[in-house]
Structure formats: structure tokens, C-alpha cells
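**Student:** Just a sequence and a predicted model for now, questions to come.
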Amino acid sequence: MKKDRSFEDDGRVIADMNFEGAPWYEKKKKRQQDVFVGDGTSADPKETFRMMKYATLAGLSIALVFILACFLFIMFSLTIWFR
């Protein structure tokens, strides 16, 4: 069984292993916290805020649909079903 050895490190950090107590701990290590857009470039603060705003609006619209469905069910139950 051959293993594919074509792994290439792109430099992204999944879990930062730089913690106190580890022998490789670096106190002054520069942390990079960028928001990456789909094409691999980092987003500026305006784009980041816009993405957060639209994600929040999407979640609120889904919640509104569920609340409306519950309201309609209650109205149906009170007016037709329980008569």
C-alpha cells in the first residue's frame, strides 16, 4: 500500500502549539490573526465587518421564519383545531 507523500505546508496554523511549559515555547512569537477570503487573500476590517453583518442578518432571518411558523401554528390551533 503506497502512501501519498505530496503534502505541502502552506503555512496556515490550525492549532497553535506555542503554550507556556512546552520546550519550544517562544514568548515573543508574532501571532497572525487574519480573516481569509475564498481566494486566499486576507480581508480588511470593512470586509470583515460586512461579512459578520450579513451572517448575523442571515441567522436572524432564519429565526424570523421559525417564529412566524410557530405563530401560524398557534393561530391555526386556536382558531380551527381546538374549536
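**Tutor:** Yep, it's here. Numbering: from 1, shown residues only.

**Student:** how far away is M75 from F82?
**Tutor:** 11 Å (Cβ to Cβ, to the nearest Å). Bear in mind the C-beta positions are built from the backbone N, C-alpha and C, glycine included.

**Student:** oh, I was asking about L64
**Tutor:** For L64, the distance to F82 equals 26 Å [Cβ to Cβ].

**Student:** Same drill for those two, tell me which one is more crowded.
**Tutor:** Neighbour totals were compared for L64 and F82, and L64 leads with 10 against 7 (other Cβ atoms under 10 Å).

**Student:** which secondary structure element contains the more buried one?
**Tutor:** Secondary structure from DSSP states H and E places L64 in helix 45-76.

**Student:** tell me, what's touching M75 and F82 both at once?
**Tutor:** When contacts are counted by Cβ atoms under 8 Å, 6 or more residues apart in numbering, M75 and F82 have no shared neighbour.

**Student:** just for the chain, where's the confidence low?
**Tutor:** Applying pLDDT under 70 to the chain flags the ranges 1, 29-41.

**Student:** same thing but 50
**Tutor:** By pLDDT under 50, the chain has no low-scoring segment.

**Student:** Excluding chain neighbours, what is closest to M17?
**Tutor:** Distance criterion Cβ to Cβ, 6 or more residues apart in numbering; nearest residue to M17, sequence neighbours excluded, is W24 at 7.6 Å.

**Student:** I'd say that neighbour and N18 touch.
**Tutor:** Yes. Counting by Cβ atoms under 8 Å, W24 does reach N18; the two are 7.2 Å apart.

**Student:** With neighbour numbers in mind, choose between these two.
**Tutor:** Neighbours per residue (other Cβ under 10 Å) separate W24 from N18, with N18 holding more: 12 against 8.

**Student:** Please verify my assumption that that one contacts K28.
**Tutor:** No. Using Cβ under 8 Å, N18 is not in contact with K28, being 10.5 Å away.
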